[in-house]
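> I need the structure of the sequence given here:
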Amino acid sequence: MTGTTLDTPNDPRRLLGQFLRARREAATADASLGEGRGRRRTPGLRREEVAQRAGISTTWYTWLEQGRDVALSADALARLADGLDLSTAERTYLFELARRRDPAPHMMEDENTADELLRTVAAQPMPAYLLDRHWRRRAWNAAAAELFSLWRDSGEDNLLRFVFLDPAARNLIIDWEDRAQRVVAEFRADTALYPDDAMLAEHVDALRRESPPFDRYWNGQAVLAREGGRRAFNHPRLGHVAYTQVTLVPAGHIDFKLVLLLPEGSAPTL
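Model (predicted):
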């Protein structure tokens, strides 16, 4: 019921209230908004000042801090995040606790891939490569460039476009049809994270026009996590080779995926 206080210590609404209070007390008053006038008994902003910044009632905001069973819209939460000047990580945490989707578009990371990611890829002994949110290859090491020499020589940097539009991919990837269906389902799961990315939508539309298999699999509505597992290839020089794929999301760079291929048995690291 609206306004009811919850007693469970780890309830998300209670955690949300504690988080909001901590960020309010750490926030800085803005003299241009008429804040900070008069003597303050507590640090940071007053509740009414936060409520004013977010365009909600002080009572409603107070109930939020108290962990009561109330709910705010995603837009109101976004105004709260802005009013409290939350960092990206803090804003993400706020929306996770409130069980809401952030209405602000996810910003694409800078085209200049962070140097530490490039060095991480280069330092791996096994084939390793880095994908961005569009599944464009941003970096790979020498072992991956050799394993995927057909991809390298195609001149195409996007993994999906290589898989679906280059006939060489069908020769390289063992069980191509099964793998192709899985990568579409994995990619669909990724697209839900970026609903406002127009370039990503255009990328999907182009693939649907140019590749009937991609269009068919996309219409199948399958969704899968990028779980990894066994990956087998017909290497132009070494023949059949197999690896176990592990995919990692680097901390602080959520738009990227670091893909590692761990050699199986006697498979070389190239």
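
> for this protein, what spans make up the helices?
Ranges of helices within the chain are 12-26, 47-54, 58-65, 74-83, 88-98, 115-123, 142-147, 149-154, 159-165, 168-172, 176-191, 198-210, 212-219, based on DSSP state H.

> which one of those lies closest to Arg230?
Evaluated with Cβ to Cβ, those place helix 176-191 nearest to Arg230, the distance being 10.5 Å. For every residue, glycine as well, the C-beta is placed using N, CA and C.

> can you tell me the average pLDDT over the closest one?
Across helix 176-191, pLDDT averages out at 95.

> Where does pLDDT dip in the stretch 101-250 of the chain?
105-112 (pLDDT under 70).

> ok, 90 please
Within the stretch 101-250 of the chain, the set of residues satisfying pLDDT under 90 comprises 101-115, 192-198, 224-228, 238.

> give me the number of residues near the residue nearest to Val70 when sequence neighbours are not counted?
Distance criterion Cβ to Cβ, 6 or more residues apart in numbering; nearest residue to Val70, sequence neighbours excluded, is Trp63 at 4.8 Å. Other residues within reach of Trp63, judged by other Cβ atoms under 10 Å, total 19.

> how near is Trp63 to Ala26?
21 Å (Cβ to Cβ, to the nearest Å).

> Give me the pLDDT value at Leu6.
48.

> Residue numbering should commence at 536 henceforth.
Yep, numbering from 536; the last one is Leu541 now.

> Name the strands paired with the longest strand along the chain and say parallel or antiparallel.
In the chain, assigned by DSSP state E, the strand with the most residues is strand 774-783. Strand 774-783 sits in its sheet next to strand 764-770 (antiparallel), strand 792-798 (antiparallel), going by DSSP bridges.

> what angle do it and helix 711-726 make?
Orientation of strand 774-783 against helix 711-726 (axes from the mean of the first three to the mean of the last three Cα atoms, to 10 degrees) gives an angle of 10 degrees.

> Please list the outside residues in contact with strand 774-783.
661-662, 682, 709, 761, 763-770, 792-800, 802-803 (Cβ atoms under 8 Å, 6 or more residues apart in numbering).

> Domains in this protein, by residue range?
For the chain, automatic domain parsing gives the domain ranges 547-633, 650-798.

> What average pLDDT does the shortest one get?
Taken as a whole, domain 547-633 has an average pLDDT of 84.

> mind checking how far that domain is from the chain centre?
25 Å (Cα atoms, centre = their mean, to the nearest Å).

> So Asp546 sits against Leu632, correct?
No - Asp546 is beyond contact range of Leu632, at 9.8 Å (criterion: Cβ atoms under 8 Å).

> When these two are compared, which one has more neighbours?
Using other Cβ under 10 Å as the criterion, Asp546 and Leu632 rank with Leu632 on top: 19 against 14.

> burial of Phe791, as a residue count?
Phe791 has 19 neighbouring residues, counting by other Cβ under 10 Å.

> again, but for Tyr664
For Tyr664, using other Cβ under 10 Å, the count is 23.

> Identify the bridge partners of it.
Trp675, Val794.

> was I right about it contacting Ala677?
No - counting by Cβ under 8 Å, Tyr664 sits too far from Ala677 to count as a contact (11.1 Å).

> hmm, back to that, which stretch among the helices of the chain comes nearest His788?
Proximity to His788 (Cβ to Cβ) singles out helix 650-658 among those, at 6.2 Å.

> List the contacts of that closest one.
The contact list for helix 650-658, computed with Cβ under 8 Å, 6+ apart, reads Ala663, Tyr664, Leu665, Arg673, Ala674, Trp675, Asn676, Pro785, His788, Phe791, Leu793.

> show me the contacts for the second one.
Tyr664 makes contact with Val656, Arg672, Ala674, Trp675, Asn676, Ala679, Phe683, Leu793, Val794 under the criterion Cβ under 8 Å, 6+ apart.

> Could you dump those into CSV and include distance to Leu728 and neighbour count?
CSV is the format used below for these (distance: Cβ to Cβ, whole Å; neighbours: other Cβ atoms under 10 Å):
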residue, distance to Leu728, neighbour count
Val656, 22, 20
Arg672, 19, 20
Ala674, 21, 19
Trp675, 23, 22
Asn676, 26, 22
Ala679, 25, 24
Phe683, 25, 24
Leu793, 17, 19
Val794, 17, 21
